[in-house]
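# Okay, predicted coordinates and the sequence, questions at the end:
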Amino acid sequence: MLSNSFANHLAPKVRYLVGLNFKDYAAFYSKFFNVESTDYRYEDALHAAGIPPAVSRNEGDPTPFFDPFEGTTMRLTLQQFAIGVQVSKELWDDERYKAEGAIRKASNALSKSMTQRVELVAADVFNNGFSAAGTAGSYPTIDGVGLFNTQHKKLIGPNAQYETTGSIGNRPATDVDFSYTALRAAMLQIKQWTDDRGYKIMATPTRLIHPDSMDYDLKEFFSSGMAPWTANNLTVNVHQNELQLESWPFLTDDDAWFIQCAEHELKFVWRERPTFDSYDDKNTRSAKFAAFMRFGILPLHYIGVWGTAGHA
């Protein structure tokens, strides 16, 4: 920053400074991801399947033995983010508005910049979770299929043998807007999830994640004691308070919605939480302020999250 770019900050004619004091949201990412940390450059995950349910055996027959399977590995890739601001000594000394002005607040804004980036990256997992694996910006899970998909594949044999075509979905066959019928179909699909060996999974839906545009309609749906989808409203609403509503302003699709279970495998791994530094550049007589962070996001498995991009 140089003086000629902030002339009004040096003149005593401005009474109000607008745009620097808006209230920020509290953190969302830690609600929707399992937040962990690592001391290493990368972390690997290994897909594995246990033994099947016990099989029938006739008297005198040998006991059947089965081996667990190892599947593919998946690597957590760390990302680096940094930002800085430089202020000339003359501008720092001459500014009339001190702590209230954009110049002094620029150094404090580094924290806001970092937290905003964390939320944008975390939300991108949901915003781009419908993209096919291999496409730019996609988020495949450990079976090699995009996060929200109708064809997730089971590990069916040794040496990473997967189904040729998938059999498990955490997305409807046709994307749908939220409705009574769509919700029930989603909850039923979640109840039908099994692991690679066919064991039933006790997945417990706990929250519905949605964009701000759906907020009031969903509050009406889940708060009403009587069914709001019927004409005469005489039917008891069995879905009342069934799911915790989580409006996420960083979602970009106005009709996409997601159900998340109590247990899921969306990982947010810190390598270095935001660190801040300041120093003087003797050569330019400027003060420099900088921030840096490293983290990685890994949507490890599809079990525990369900989503649809909506009808539009």
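Perfect, thanks for sending it.

# CA atoms only: put stretch 246-259 into CSV for me.
The C-alpha coordinates for stretch 246-259 follow below in CSV (Å, rounded to 0.1, in the frame of the first residue of the first chain):
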residue,chain,number,x,y,z
GLU,A,246,-27.8,-26.7,8.7
SER,A,247,-28.0,-23.7,6.3
TRP,A,248,-24.5,-23.3,4.6
PRO,A,249,-24.1,-20.0,2.8
PHE,A,250,-21.1,-21.4,0.9
LEU,A,251,-23.2,-23.8,-1.1
THR,A,252,-23.6,-22.6,-4.7
ASP,A,253,-26.6,-24.6,-6.0
ASP,A,254,-29.9,-23.2,-4.8
ASP,A,255,-31.7,-26.5,-4.9
ALA,A,256,-29.0,-29.0,-3.9
TRP,A,257,-29.5,-30.7,-0.5
PHE,A,258,-27.6,-33.2,1.5
ILE,A,259,-28.2,-35.6,4.4
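
# in that stretch, what's buried?
Glu246, Ser247, Trp248, Phe250, Leu251, Asp253, Asp255, Ala256, Trp257, Phe258, Ile259 (16 or more other CB atoms under 10 Å). In this view, the C-beta of every residue, glycine as well, is placed from N, C-alpha and C.

# Just the buried positions in the longest strand belonging to the chain, please.
When the chain is parsed with DSSP state E, its longest strand is strand 266-281. Of the residues in strand 266-281, Leu266, Lys267, Phe268, Val269, Trp270, Arg271, Pro274 count as buried by neighbour count, 16+ other CB under 10 Å.

# partner residues bridging the fourth one?
According to DSSP bridges, Glu36, Gly296 are recorded as the beta-bridge partners of Val269.

# Enumerate every residue touching it.
Applying CB atoms under 8 Å, 6 or more residues apart in numbering to Val269 gives the contacts Val35, Glu36, Ser37, Thr38, Glu43, Leu76, Leu78, Phe295, Gly296, Ile297, Leu298.

# hang on, isn't Thr73 packed against Leu46?
Yes - if you go by CB atoms under 8 Å, Thr73 and Leu46 touch, sitting 5.2 Å apart.

# picking up where we left off before, got TSV for the buried residues of stretch 246-259, with secondary structure and pLDDT too?
Putting the buried residues of stretch 246-259 into TSV (DSSP: H, G, I helix; E, B strand; the rest coil; pLDDT from 0 to 100) gives the following:
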residue	secondary structure	pLDDT
Glu246	strand	97
Ser247	strand	96
Trp248	coil	96
Phe250	coil	96
Leu251	coil	97
Asp253	coil	96
Asp255	coil	95
Ala256	coil	97
Trp257	strand	98
Phe258	strand	98
Ile259	strand	98
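
# you'd agree Ala49 is up against Thr194?
No - if you go by CB under 8 Å, Ala49 and Thr194 don't touch, sitting 11.3 Å apart.

# So those two - more neighbours on which side?
Ala49 (20 against 13; other CB atoms under 10 Å).

# Which residue, other than its chain neighbours, is closest to the more buried one?
Nearest residue to Ala49, sequence neighbours excluded (CB to CB, 6 or more residues apart in numbering): Asp196, at 3.8 Å.

# show me where this protein has strands.
Using DSSP E, strands in the chain cover 34-37, 43-49, 69-76, 79-88, 155-157, 161-162, 205-210, 244-247, 257-261, 266-281, 286-299, 305-308.

# Leu147: which of the ones you listed is closest?
strand 286-299 (4.9 Å; CB to CB).

# Show me where the protein has its helices.
29-32, 89-94, 102-127, 180-191, 215-223 (DSSP state H).

# Nearest the geometric middle of the chain, what residue?
Nearest to the mean C-alpha position of the chain, by CA atoms, centre = their mean, lies Ala122 at 4.0 Å.

# What is the neighbour count of the closest residue to that residue other than its chain neighbours?
Leaving aside its sequence neighbours, Ala122 sits nearest to Tyr29 (CB to CB, 6+ apart; 3.7 Å). For Tyr29, the count of nearby residues is 21 (other CB under 10 Å).

# And for Asn283?
Neighbour number of Asn283 under other CB under 10 Å is 6.

# ok, and the closest non-adjacent residue to Asp143?
Lys153 (4.7 Å).

# show me what contacts the one you found?
Asp143, Gly144, Val145, Tyr162, Glu163, Thr165, Gly166, Ser167, Ile168.

# want to throw those residues into TSV with neighbour count and distance to Ala182?
Compiled in TSV, the contacts of Lys153 are given as follows (neighbours: other CB atoms under 10 Å; distance: CB to CB, whole Å):
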residue	neighbour count	distance to Ala182
Asp143	23	25
Gly144	17	28
Val145	21	22
Tyr162	20	29
Glu163	16	27
Thr165	7	25
Gly166	17	21
Ser167	12	22
Ile168	22	19
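
# For Arg271, see how far away the residue nearest to Asp143 is.
Lys153 is 30 Å from Arg271, where distance means CB to CB, to the nearest Å.

# Low-confidence stretches in the stretch 201-312 of the chain?
Residue ranges of the stretch 201-312 of the chain with pLDDT under 70: 232-234, 312.
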